[in-house]
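Undergrad: here is my input; please provide its structure:
(chains A, B, C and D)
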There are 2 protein chains.
Amino acid sequence: MEKQTITIYDVAREAGVSMATVSRVVNGNPNVKPSTRKKVSEVIERLDYRPNAVARGLASKKTTTVGVILPSVTNLFFSSLARGIDDIASMYKYNIILANSDESHEKEVQVFNTLLANQVDGIIFMGQNVSESIRKEIERTSTPVVFAGTLVDNPEYYSVNIDHTVATKEITAELLEHGRRVVLVTDEPKFLTSQHRLEGFKAAYEEKGVEFDEDLVIQQSLRYTDADKVLEELQTLKADSVIVKEDTFAAALMNAALDAGFKVPDDLEVITSDNSIVTEIVRPKLTSIQQPLYDIGAVAMRLLTKIMSNEEVEEKQVILPYKIKHRGSTLHTE
Amino acid sequence: MEKQTITIYDVAREAGVSMATVSRVVNGNPNVKPSTRKKVSEVIERLDYRPNAVARGLASKKTTTVGVILPSVTNLFFSSLARGIDDIASMYKYNIILANSDESHEKEVQVFNTLLANQVDGIIFMGQNVSESIRKEIERTSTPVVFAGTLVDNPEYYSVNIDHTVATKEITAELLEHGRRVVLVTDEPKFLTSQHRLEGFKAAYEEKGVEFDEDLVIQQSLRYTDADKVLEELQTLKADSVIVKEDTFAAALMNAALDAGFKVPDDLEVITSDNSIVTEIVRPKLTSIQQPLYDIGAVAMRLLTKIMSNEEVEEKQVILPYKIKHRGSTLHTE
DNA sequence: ATGAAAGCGCTAACAG
DNA sequence: CTGTTAGCGCTTTCAT
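TA: As a prediction, the model looks like this:
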């Protein structure tokens, strides 16, 4: 037998007031006489009444819930952003529905629609890139969407990122300055991050006046097990330094190099881009572009709260500052 | 101006049928003539109608949503369980609300109640231990709760775990067999996992007939930065082998040892317990108790689906098998 | 400051 | 196979 759910009506009856008054008390509406507020509160306590958020959502057409789409909960880059999102959401009294997209565009669309069906007040989207299909869904809805740690080219979209072009250019230039032969490893060329990084990479070469060779870019899936293959290519290219996009892959690549007898950083410098805990766990520690992961998430969520409450937003595309964190996987400490 | 939300009523009117029929079509109820089903489907398509899950939840009193509470999204142990939970949930058409408890008992209670307010059909709880306050909440509600990767002593609670006592005993016995002086590092003694592990640890010593010394157990917070302190204690204890609970801490401890000039595994063997990706990233790789992380989550979710649909459940407390994965941080490959 | 009443969008008997 | 009719539990005008 089910526990009888007690409703706002039960409270009203017990307290000898109307549902409306109970509603006001629950929602902190000031237009209630202190004495009746007290009376109602006592009944709520006694009956252990808990407002039904679903009914509330239906009646008010607001759920105070935001959906967060991320490729994988086990990906440290995105889950670090999620922490920032979560903290700011609690701060503004929003609930979070975290939805895994499994790095599949199909599932992205599916979870996006599930979130809309559940009447979320806003959505934060994270992914490696933004597919045509998710774009279409975004156009269809009036629910606001903010991209976190996810580059978009459409200037109408809200997003929070660092400037990967500038960051990649800076670290590349620094390595070139030290006379190294620098190679860039990116994943799929159609991803905007790959393009931005490549742009910065090229710019550094050109500014230095060194001839830029397309061969210096390795386009490669960044799966852990592909490290050996990439290492071979690096040998062929006689690379001294390699800039990698993702921490786990950078670690795998460095380990492959070490296992093959390379000295890191002497024979090969390894630079990564997420600055997750992995950079500190490996030996030598990994030099990394230091992205403000928590802040990217936090700022994205704050931005979303502004949009949801129709506040003025100055900048649709927020660029946050980065740093270069020098560790043992590179020779120079700057 | 808002986009006019179109409702089941609009579809009914356009298609010249009743709301009930539209509802049947949407829910795949077989009692609809194919021709009208087709007609309704077309209108749904044309109007781009999307059922409102909130209204549905209110009317049916089921949300097909389960809440998942975990201490932190950036904790690889729990996020790996979450993957298993998520997969099985999708398989059974349940939505997931992932809620962060920030490793705080207070926040646990808070998110638990938020989930209940949102009328989730069930809850999966993960945490380092189960507080008195969360117990009280569980008693108050009729919503089913399953514990995943989280030990509970109450035999009425549903849970999925490995047997930490047996696992710890096995690895301890093996190390003792090789004549090592084995030390156990646990966190708070009040945690059940600590108690189970200690039990297995002791049992191995006693079975071996070696005198057991309470000093061989280090109770210590497992924060990354405390590794140096633990290393000192290990030196004092003249430990040859150390069994650690958590991968990241194990890595930190091993690194501290390496940085201090120890040879791993010759001078010090390090054994950890989660078998997350971290064990493969460090050098030497970490020997670990191999918990079936994904499966623990998957089985917990499957268990919950059974409870939610009132199916028969044989065993409330499920124990899954583990293995010992030998890697470079220990001397013997068994 | 409080109450009455009309929905929010949908499901679920029940009737036919 | 289809329609009618109550609600689900709450918010929100609109009166008073």
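Undergrad: show me the helices in the stretch 51-200 of chain A, by range?
TA: Under the criterion DSSP state H, counting those that start in this stretch, the stretch 51-200 of chain A contains helices at A:53-60, A:76-91, A:105-117, A:132-140, A:164-177, A:192-208.
Undergrad: likewise for the stretch 201-334 of chain A?
TA: Using DSSP H, counting those that start in this stretch, helices in the stretch 201-334 of chain A cover A:227-236, A:247-259, A:278-281, A:293-308.
Undergrad: touching chain B at all, the third one?
TA: Yes - residues of helix A:278-281 contacting chain B under CB under 8 Å from any CB of the partner chain: A:278, A:280, A:281. No exception for glycine: its C-beta is placed from N, CA and C like everyone else's.
Undergrad: my read: residue A:242 touches residue A:234, true?
TA: Yes - using CB atoms under 8 Å, residue A:242 makes contact with residue A:234 at a distance of 6.0 Å.
Undergrad: for the residue in chain A that chain B sits nearest to, what are its contacts?
TA: Among all residues of chain A, residue A:98 sits closest to chain B, at 3.6 Å; criterion: CB to the nearest CB. By CB atoms under 8 Å, 6 or more residues apart in numbering or on different chains, residue A:98 lies in contact with A:68, A:70, A:73, A:82, B:73, B:96, B:97, B:98.
Undergrad: same check on residue A:331?
TA: Contacts of residue A:331 (CB under 8 Å, 6+ apart): A:178, A:265, A:266, A:269.
Undergrad: of those, which is the most crowded?
TA: residue A:269 (24 neighbours; other CB atoms under 10 Å in any protein chain shown).
Undergrad: number of nearby residues for the spatially closest residue to it that is not a sequence neighbour?
TA: Spatial nearest neighbour of residue A:269, excluding adjacent residues (CB to CB, 6 or more residues apart in numbering or on different chains): residue A:241 at 4.0 Å. When neighbours are defined as other CB under 10 Å, residue A:241 has 25 of them.
Undergrad: what about residue A:241, distance to residue B:227?
TA: Distance, residue A:241 to residue B:227, by CB to CB, to the nearest Å: 30 Å.
Undergrad: ok so, going back, so which of residue A:242 and residue A:234 has more stuff around it?
TA: residue A:242 (29 against 22).
Undergrad: ok, that one - contacts?
TA: A:182, A:183, A:184, A:185, A:234, A:253, A:268, A:269, A:270, A:271.
Undergrad: for DNA strand C, state which of the residues you listed is nearest.
TA: Nearest to DNA strand C among those is residue A:185, at 47.9 Å by CB to the nearest atom of the strand.
Undergrad: what's the weakest-modelled helix or strand in chain A?
TA: Here the helix or strand of chain A ranked lowest by mean pLDDT, DSSP states H and E is strand A:217-219, holding a mean of 90.
Undergrad: pull up the pairing partners for it, direction included.
TA: strand A:182-186 (parallel) (DSSP bridges).
Undergrad: keeping just the C-alphas, turn the partner strand into PDB.
TA: Provided in PDB are the C-alpha atoms of strand A:182-186 (Å, rounded to 0.1, in the frame of the first residue of the first chain):
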ATOM      1  CA  VAL A 182      57.200  21.600 -33.100                       C
ATOM      2  CA  VAL A 183      54.400  19.300 -34.200                       C
ATOM      3  CA  LEU A 184      50.700  19.800 -33.600                       C
ATOM      4  CA  VAL A 185      48.400  16.800 -32.900                       C
ATOM      5  CA  THR A 186      44.700  17.600 -33.500                       C
END
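Undergrad: roughly how far does residue A:112 sit from DNA strand D?
TA: 25 Å (CB to the nearest atom of the strand, to the nearest Å).
Undergrad: state the number of residues packed around the closest residue to that residue other than its chain neighbours.
TA: In space, and not counting its chain neighbours, residue A:112 is closest to residue A:137: 5.1 Å by CB to CB, 6+ apart. Counted with other CB under 10 Å, the neighbours of residue A:137 add up to 18.
Undergrad: list the residues that contact residue A:137.
TA: A:109, A:112, A:113.
Undergrad: show me where pLDDT drops low in chain A?
TA: Across chain A, the ranges flagged by pLDDT under 70 are A:1-3, A:334.
Undergrad: can you list the residues of it near DNA strand C?
TA: Counting by CB under 7 Å from any atom of the strand, chain A comes close to DNA strand C at A:16-21, A:24, A:30-33, A:35-37, A:55, A:58-59, A:61.
Undergrad: now with 6 Å, please.
TA: A:17, A:18, A:19, A:20, A:21, A:31, A:32, A:33, A:36, A:58, A:59 (CB under 6 Å from any atom of the strand).
Undergrad: for DNA strand D, give me its nearest residue in the stretch 151-300 of chain A.
TA: Residue of the stretch 151-300 of chain A nearest DNA strand D, by CB to the nearest atom of the strand: residue A:158 (25.3 Å).
Undergrad: cool, the stretch 201-334 of chain A as well?
TA: Closest residue of the stretch 201-334 of chain A to DNA strand D, CB to the nearest atom of the strand: residue A:309 (13.6 Å).
Undergrad: circling back: how close does the residue nearest to residue A:112 get to residue A:130?
TA: From residue A:137 across to residue A:130, the span is 11 Å (CB to CB).
Undergrad: what is the burial count for the residue of the stretch 151-300 of chain A closest to DNA strand D?
TA: 23.
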